[in-house]
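1. Predicted model and sequence follow; I will ask about them next.
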Amino acid sequence: MRIVLLGPPGSGKGTQAALLKDRLGVPHISTGDLLRAAVRDGTPLGIKAKAAMDAGELVSDELMLGLIEERMGAPDVKAGYLLDGYPRNLAQARALDELLDRLALPVDKALALTVDEEQIVHRLAKRAEQEGRSDDTEEVVRNRLAVYREQTAPVTGYYAEKQLLQEVDGMGSIEEINQRLTTALG
Ligand code: ADP
């Protein structure tokens, strides 16, 4: 299974991906996790990406394509993938398609978690308390949501046009949502 997971920040993509990857036997590829590791390790990518991440802005398409090209080229991806956090705008969606065509690993399905904004702000405030992520402050969360609305939301339309989109209600318990995703995957 080759899956792209879509949904606003705080929609639970990461939580659900962690549950699904074992069942599907595919790697969970989270660009947010990859970037945070790069920042932690102080790699050239991490150094360049940090300011955008701390502001809740997108890291440049060029840096992201380099990162995703490297990751998708690894042998474990042959089994499939659960992609979380990429693509985040239409240019990334097109670049990803080109890359995946080249690798002969096209997307089977795009699953979009739908969550209302009040719920998101609440979830992210809780995560800020628990994990202390530097981009979970209220102001940066607000900016991440604005960036999502303006740049990332159109990506669902991109996959809808390709008849690959399936929307899944992201409200409820972790187990309920997991059940819905499993059903959507058929
Ligand atoms: P969330 O979905 O909760 O906002 P992520 O962990 O997916 O968090 O991403 C954290 C930050 O990493 C983003 O706000 C952004 O700065 C950067 N980032 C992650 N993926 C991408 C991407 N595909 N393109 C540009 N920036 C990205």
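-> Yes, it's here.

2. closest point of the chain to the ligand, which residue?
-> The chain approaches the ligand most closely through Gly32 (1.8 Å), counting by Cβ to the nearest ligand atom. Where C-beta positions appear, they are placed from N, C-alpha and C, glycine not excepted.

3. In terms of pLDDT, where does that residue sit?
-> We note a pLDDT of 95 for Gly32 in this prediction.

4. what's the answer for Glu129, then?
-> Each residue has a pLDDT score; the one for Glu129 is 83.

5. Report the secondary structure state of the residue of the chain closest to the ligand.
-> The three-state assignment at Gly32 reads helix, by DSSP: H, G, I helix; E, B strand; the rest coil.

6. Buried by neighbour count: which residues of the strand or helix carrying Leu67 qualify?
-> Using DSSP states H and E, Leu67 sits within helix 61-72. Using 16 or more other Cβ atoms under 10 Å as the test for burial, helix 61-72 gives Leu63, Met64, Leu65, Leu67, Ile68, Arg71, Met72.

7. Remind me which helix or strand the closest residue to the third one other than its chain neighbours belongs to.
-> What it means is Leu65. The shortest distance from Leu65 to any residue other than its chain neighbours is 5.3 Å, reached at Ala95 (Cβ to Cβ, 6 or more residues apart in numbering). Ala95 belongs to helix 90-103 when elements are defined using DSSP H and E.

8. Having no further points to raise, I will conclude here.
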